Structure formats: structure tokens, C-alpha cells
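A.B. asks: Sharing a model prediction with you, sequence too.
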Amino acid sequence: MESGPTSWTAPLDILRLTPADNVTTVTAAQLRDLFSRLTEAGQWSQGDPKIVVVLDAGYDVVRLSFLLADLPIELVGRLRSDRVLYFPPPPRARGKNGRPPKYGAAFKFADDTTWPTPDRATAEHTDHYGEAVALAWNPLHPALTHRAGWEDHDGELPIVEGTVIRLEVDHLPGERTPKPLWLWSSATSATADDITRWWHTFLRRFDLEHTFRMFKQTLGWIVPQLRDPRSADRWSWAVIVAYTQLRLARDLTDDLRRPWERPALPGRLTPARVRRGFRHLHHRLPQPAAAPKPGKPGPGRPPGSKNRRPAPHHHVGKPPKTNARRNTGKDQAP
């Protein structure tokens, strides 16, 4: 992604999931590979700020935080509005026996009576959503069980703490009624600037929706009905290559807008407009020298001569007639 409002993204990898794959495990492996590639390319080095990874509600952000705890990565993911998290347990009273408590007070997203005073609170005016108010509490952790991604976990389940952010805006585009947005970050020590940066970064995740729409509706990602998984992988990579070509050509194409469309700012063409003008790029691209033409005819059949080796022709649809079929069917005298 890039700064400012834009519909462009840069797909780095694509991987097809098999029925036996676990989404969280595969995602963790992809993020580890991405971090290695960024380090080898010199785009991240020791001492740089942590890399922020934004995830939607379909990913288990808590387990990903546990699997990637050794990497300098901050994960910000969306949570459902019916989740229940817990604060750390209070200090154990002196002289009290028994097992110490594992969970403290419950924090229910749907019950504001369980919300204590937020640790951080920010307010900001936005152009598209009006006043945006973010409240943050930390540290909070979920009650894990030996199910789903934690089914094969050996030993006692860990305590994965993070920061919960509640974002509420005045209105949405299209006069839609806004609902509070709940986010969870793997960082526990967050400042007001961190809270603002996290929810700003999460809103940029919606740029991916434009990319998927471009893949499916314009570039025909889901049009072929392929049976072989390898063919589906090759077709997916072909779509990504085509999209990358459009992204590289966005500064070379003209704004061929429709009469009802607004003019785009210089260098801010959308993927659909770049695709519209992509066919006119041949006069701007370098023209390599044409292949030299031979001065003598090739070893093929000389012009004007008769073709003595016609290609075999196979009749389709009707079987050849035999003598028995040519018979009229009347009895003949011997």
C-alpha cells in the first residue's frame, strides 16, 4: 500500500489452502517468510519500528500473536462484538491457600457495565466518518480452551495478553448507521499515538477489497472452471502478474474517463482507469528492432507448386457408407 487514499495494493504472495490445512498455521508461515524477505532486502533492520500486520475477523489474531511472539511484529485484528475477555487476576491475598486464579474481571464487549475507565482515549475528526472516538483497555486476554487451533497444544494453555480498542464514528458513507468496531492488538504498552495509528492502519485494510473485486470482476480470477489444482495456481499467478503490469503502468496511461466521471489527479488513476488506457501504451514504450528478414526463401514448398502431401482429413459426424447400406432393401432374385 501507499500513503493517501488509493485503491492500489501490491500482492506479494498467494497460496491455495487444501482441506487439511489450518488457516492460522499457514498464515503464520507466510508472515515468517515475509519477514525474512523484508530483512534480506534491507527494508527492515534491527532498531526499526515493529512491522504492523492487519488482519480481519476471519483470522485468529490471538493465536497468531502466540505463534509469532519471537518476531518484531505487531498484529492488529478485528474481533466480534460478542467476545468476552479477562483482565489479569488481582494479587493473591496473603495466607490464602489453593490454586491462584487465572482470570480476573470479565470484559464483555456487549455489556458496557463491565467496562472500567479506559487506559487511553483519543478523538479525531475525519472527512468520511466525522468524529472518531477510540477507547483502549489493556492488558486483556481471552480464556483459551483445547479446541480449534489450540487442540494440539501441549501442556497448559498460555495467557496471551493484548490491547482492546473500541472505535466509534458518527456516520458512514451512504448514510449508514455505524456500529462500534472492536480491535485487538498484540502490544500491551500502547500510547495514544499507537492507538490512533492502529485504527488508521486497520481502515487501510479495506483497500484490499478493491483489489479482490478487480481480480474477480475485471481480470476474471473466478471465471475459469479448472479441475486441476496446479492449473488453478498458475491462473491465480497469471492474474497477479496482470495486475502488477497495470500497477507499473499507472504513470504511463492517460485518463480515458467516461463523461460522468470526475477527472483524476495526476498520478492517482484507479486500476479500472489504468486498464482502460493500457491498450494505448504501445506508442510510449520503447520499440525494439524488428527481426531481420531472410534474403532467400526458406526450405518450404516453392510458391506455385502443387501440394503433394495433403494433411489427413478425418470425417466427423457420419460413418462411411458401405455396400450393405447402399442396398435399397428390396428382395432380389438370385
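C.D. replies: Structure's in. What do you need?

A.B. asks: Residues touching stretch 165-183, excluding its own?
C.D. replies: Contacts of stretch 165-183 with the rest of the structure, by Cβ atoms under 8 Å, 6 or more residues apart in numbering, involve 76-81, 83, 109, 126, 128-136, 164, 184-185, 195, 198-199, 202. Any C-beta I mention is one placed from the backbone N, CA and C, and that applies to glycine too.

A.B. asks: what about 7 Å?
C.D. replies: With Cβ atoms under 7 Å, 6 or more residues apart in numbering as the test, stretch 165-183 has contacts from 76-79, 81, 109, 128-136, 164, 185, 195, 198-199, 202.

A.B. asks: Find the residue ranges of the stretch 151-300 of the chain scoring beneath the pLDDT cut-off.
C.D. replies: 175, 294, 297-298 (pLDDT under 70).

A.B. asks: One more pass at 50, please.
C.D. replies: Across the stretch 151-300 of the chain, nothing is flagged by pLDDT under 50.

A.B. asks: so where do the helices sit in it?
C.D. replies: 192-203, 207-213, 229-248, 271-277 (DSSP state H, counting those that start in this stretch).

A.B. asks: Let me have the ones you listed in CSV, extended by distance to residue 262 and mean neighbour count.
C.D. replies: What follows is those, written out as CSV (distance: least, Cβ to Cβ, whole Å; neighbours: other Cβ atoms under 10 Å):
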stretch, distance to residue 262, mean neighbour count
helix 192-203, 23, 17
helix 207-213, 17, 14
helix 229-248, 20, 14
helix 271-277, 11, 20
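
A.B. asks: Format the ones you listed as TSV; extra columns: distance to residue 103.
C.D. replies: Converted to TSV, these look like this (distance: least, Cβ to Cβ, whole Å):
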stretch	distance to residue 103
helix 192-203	24
helix 207-213	35
helix 229-248	43
helix 271-277	47
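
A.B. asks: Nearest to residue 306, out of those?
C.D. replies: Comparing these against residue 306 with Cβ to Cβ, the closest turns out to be helix 229-248 (43.4 Å).

A.B. asks: how distant is the closest one from the center of its chain?
C.D. replies: Offset of helix 229-248 from its chain centre (Cα atoms, centre = their mean, to the nearest Å): 14 Å.
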